[in-house]
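> I would like to see how this sequence folds:
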Amino acid sequence: MHLTSLFGRTLRQAPAEATSVAEQLLWRAGILRTLNAGAPALLPLGSAALRRLATHLTAAMHAGGAQEVTLPTTTVEPWLKTIIALARRDIDSYRQLPQTIWSWRRRKRPTRSRSTLLDLPVSATLSWAALALDAAQTQSLLTAARAQLGEALHQCGLGNIADALLATGATTLIVDSQAAPQATLDCPTCGWRAPLELAPLAPPPPYTGPTPAMSLVETPGTNTIAALAEYLGIPTAATAKALFFYDQRRQRLVFAVVRGDREASLTKLAAAIDAGDLVPASAEQIQACGATPGYASPVGLREVLVVADLSVCNGAPLVAGANRPGYHLRDVVYGRDWQATIVADIAQAAAGDACPRCGATRSEGRGAVIGAISEPQPTDLLVQDADGQNRSLHLAGIELDLEPLLHLAVEQHHDERGIVWPAAIAPVDAHLVTLGRGEAVAAAGQELAGELRAAGLAVLLDDRDERAGVKLNDADLIGAPWRVVVSEKLLAAGQVEVRRRTEAQATVIARAKVVAWLQGRDSA
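Numbering: from 1, shown residues only. Below is the predicted model:
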């Protein structure tokens, strides 16, 4: 690479849209730009760093013996569903197990108003899966893959990412970030973190009290949960909240039921029913299924997808709508008076809720989502064991998003002068600066760059007609592990100046020794 012809230039100041330190440095170093719609794009230096990161993670997959598959870029199915679809056609016996499969693919992530590398709507993702005959073997394969990827991340200077990957019981992988784009619910006791919109709630204990027969009660002017609770003198938790949405992708009406003191999480609801975008249903759509806006109830409804939250399915009698203006039903009990099409955890969790794992009170935090882990789970795919009996195939998976790792690497490795790339993922190994306008200096720079490249080092040659201060400052800003300077004075003495990016002082060495010097030192 030559800076005179490199696509992307350094900037003295980042634009206002770059709000985090890492984002500002990536802009200023000529690594990151945004498209007209605001989506981030990596320029050649950014692509080179991303490619090096991907190379290390790919090597970890190969070292672990995983086999690569290539998927269509249009695939939108979740990773584990994709693997089951492939396995269904090719695996039917224990003799073919275990299997570990991996792929580079595009993973859809929660969409935000303005995306950065940390929260792209679609990210390049390393996806890994293990298939085995039982949970224990699947867990063993998952543990080994986490260790292999963790070691690769450590080599890339991403120790905190490795720690998150290795954390016991992790599902969504979340790390601390100065940019902190993702609201989370965090447990201070067991350390479990989850995105706020996906944070699970512990199911309520089974109800053991009395369950009177369902009865109709007049409730004029109570078309909200708050008004209903006040009119009847009951807590909102004793009511069932009816929420109607329209699934635009599948073109269907969705009736969600949560306890009255809760809101529904659209993200959890969409995941539970494999929906597209969910929008509030119109009054006409609600009435078409036999329900009444403001007084809707799942009791007696037909031909509508009813999704019930766990909070309304523990047997406790609740007050629900009667599908009749001005009336509600008392003592409505799930299973006795109505049934749902799907029962799932769809309620929105909040700070103060108990952790489903240890029971401690959770608090709201912020972080960055970098991937996900699926613990071993049985599938509906049956394979024969050694005794000829059909058994469920077990599956586990890892997904690791690439672009967020690049942002976090810069966030963790920089100083007041610019980026300090870990050597393993630096876009170039050496930043070669020529100082002076003479033809001899330019020729010497070209010759040395050729020698370094021949020795296997990636070189960025700054051959611009700029002042020495500008060139040296840009070298620090871009952050290659080594800076090599060729000047008229040094050239006359048969020398060059070399400096590691992490060190304050440069060293002058013989020109003939520079290749051996760089190859013989750890550039980490």
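> Setting the sequence-adjacent residues aside, check what's closest to residue 137.
Leaving aside its sequence neighbours, residue 137 sits nearest to residue 98 (Cβ to Cβ, 6 or more residues apart in numbering; 5.8 Å). For glycine as for every other residue, the C-beta is placed from the backbone atoms N, C-alpha and C.
> Same question for residue 316.
Nearest one to residue 316, counting by Cβ to Cβ, 6+ apart, is residue 207 at 3.9 Å.
> Assumed the one you found was part of a strand.
No. Per DSSP: H, G, I helix; E, B strand; the rest coil, residue 207 lies outside any strand segment and is coil.
> Buried residues of the longest strand along the chain, list them for me.
For the chain, the longest strand by residue count, based on DSSP state E, is strand 363-384. By 16 or more other Cβ atoms under 10 Å, the buried positions in strand 363-384 come out as 365-374, 376, 379, 381, 383.
> Please export the C-alpha coordinates of that strand as CSV.
Extracted C-alpha coordinates of strand 363-384, given in CSV (Å, rounded to 0.1, in the frame of the first residue of the first chain):
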residue,chain,number,x,y,z
SER,A,363,-29.7,-3.9,37.6
GLU,A,364,-29.6,-2.2,34.2
GLY,A,365,-26.3,-1.7,32.5
ARG,A,366,-24.8,-1.2,29.1
GLY,A,367,-22.4,-3.1,26.9
ALA,A,368,-21.7,-4.4,23.4
VAL,A,369,-23.1,-7.6,22.0
ILE,A,370,-20.4,-9.6,20.2
GLY,A,371,-22.1,-13.0,19.6
ALA,A,372,-24.1,-15.8,21.2
ILE,A,373,-23.6,-19.3,22.5
SER,A,374,-26.2,-22.1,22.4
GLU,A,375,-25.8,-24.7,25.1
PRO,A,376,-26.3,-28.4,24.2
GLN,A,377,-29.9,-29.1,23.3
PRO,A,378,-31.8,-32.1,21.8
THR,A,379,-33.3,-31.7,18.4
ASP,A,380,-36.2,-33.4,16.6
LEU,A,381,-33.7,-35.2,14.3
LEU,A,382,-33.4,-38.9,15.2
VAL,A,383,-30.3,-41.0,14.6
GLN,A,384,-29.7,-44.7,15.4
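> what about that strand, distance to the chain center?
Taking Cα atoms, centre = their mean, to the nearest Å, one finds strand 363-384 lying 12 Å from the centre of the chain it belongs to.
> after that strand comes which helix or strand?
Scanning forward in sequence from strand 363-384 by DSSP states H and E, the next helix or strand is strand 390-401.
> tell me the angle that following strand makes with strand 363-384.
140 degrees (axes from the mean of the first three to the mean of the last three Cα atoms, to 10 degrees).
> Grab the CA positions of the helix or strand following strand 390-401 and hand them over as CSV.
Using DSSP H and E, the helix or strand that follows strand 390-401 towards the C-terminus is helix 402-412. What follows is helix 402-412, C-alpha atoms only, in CSV (Å, rounded to 0.1, in the frame of the first residue of the first chain):
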residue,chain,number,x,y,z
LEU,A,402,-16.4,-9.8,13.5
GLU,A,403,-17.0,-6.1,13.0
PRO,A,404,-17.7,-5.4,16.7
LEU,A,405,-14.3,-7.1,17.6
LEU,A,406,-12.5,-4.6,15.3
HIS,A,407,-14.1,-1.7,17.1
LEU,A,408,-13.3,-3.1,20.5
ALA,A,409,-9.7,-3.8,19.5
VAL,A,410,-9.3,0.0,18.8
GLU,A,411,-11.2,0.9,22.0
GLN,A,412,-8.8,-1.2,24.1
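> same for helix 402-412, what does it pack against?
Here helix 402-412 touches helix 21-28, strand 40-42, helix 44-63, strand 122-132, helix 159-166, strand 363-384, going by 3 or more Cβ pairs under 8 Å, 6 or more residues apart in numbering; DSSP states H and E.
> the helices in the stretch 51-200 of the chain, which residues?
Secondary structure of the stretch 51-200 of the chain (DSSP state H, counting those that start in this stretch): helices located at 79-90, 135-155, 159-166.
> Quick check: which ranges of the chain have low pLDDT?
Regions of the chain meeting the criterion pLDDT under 70 cover residues 74, 109-114, 169-170, 521-524.
> Just confirm the residue nearest to residue 137 contacts residue 130, I think it does.
Yes. Under the criterion of Cβ atoms under 8 Å, residue 98 makes contact with residue 130 at 6.5 Å.
> Now do the shared contacts for those two.
Listed as contacting both residue 98 and residue 130 by Cβ atoms under 8 Å, 6 or more residues apart in numbering are 138, 141.
> Please identify which of the two sits among more neighbours.
More crowded of residue 98 and residue 130, by other Cβ atoms under 10 Å: residue 130, with 29 against 15.
> can you tell me how far the residue nearest to the more buried one when sequence neighbours are not counted sits from residue 135?
Ranked by Cβ to Cβ, 6+ apart and with sequence neighbours excluded, the top spatial neighbour of residue 130 is residue 141, at 3.8 Å. Here residue 141 is placed at a distance of 11 Å from residue 135 (Cβ to Cβ, to the nearest Å).
> From the neighbour counts alone, determine which of the two ranks first.
Each of residue 141 and residue 135 has its neighbours counted (other Cβ under 10 Å); residue 141 has more, 24 against 16.
> ok, that one touching residue 102?
No. Here residue 141 does not reach residue 102: they are 11.8 Å apart, not a contact under Cβ under 8 Å.
> wait, what's in contact with residue 426?
Counted by Cβ under 8 Å, 6+ apart, residue 426 has contacts 49, 52, 479-481.
> Looking at the residues you listed, spot the one nearest residue 443.
Comparing these against residue 443 with Cβ to Cβ places residue 480 closest, at 22.1 Å.
> That closest one: neighbour count?
26.
> Distance-wise, check the closest residue to it other than its chain neighbours relative to residue 218.
Using Cβ to Cβ, 6+ apart and skipping the chain neighbours, the partner closest in space to residue 480 is residue 431 (4.0 Å). Note on residue 431: its distance to residue 218, by Cβ to Cβ, is 79 Å.
> Tell me if I'm right that residue 28 and residue 414 touch.
No. If you go by Cβ under 8 Å, residue 28 and residue 414 don't touch, sitting 10.8 Å apart.
> Chain neighbours aside, what residue packs nearest to residue 276?
According to Cβ to Cβ, 6+ apart, the nearest residue to residue 276 is residue 249 (2.4 Å).
> Check residue 225 too.
Residue 225's closest residue in space is residue 260 (Cβ to Cβ, 6+ apart), at 4.5 Å.
> In contact with the one you found, which residues?
By Cβ under 8 Å, 6+ apart, the neighbours of residue 260 are 225, 228-229, 236-241, 318.
> Next: residue 39.
Neighbour list for residue 39: 115, 120-121 [criterion: Cβ under 8 Å, 6+ apart].
> Using ChimeraX, define a selection of the buried residues within those residues.
This is how ChimeraX selects the buried members of the contacts of residue 39, with burial counted by 16+ other Cβ under 10 Å:
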select :115,120
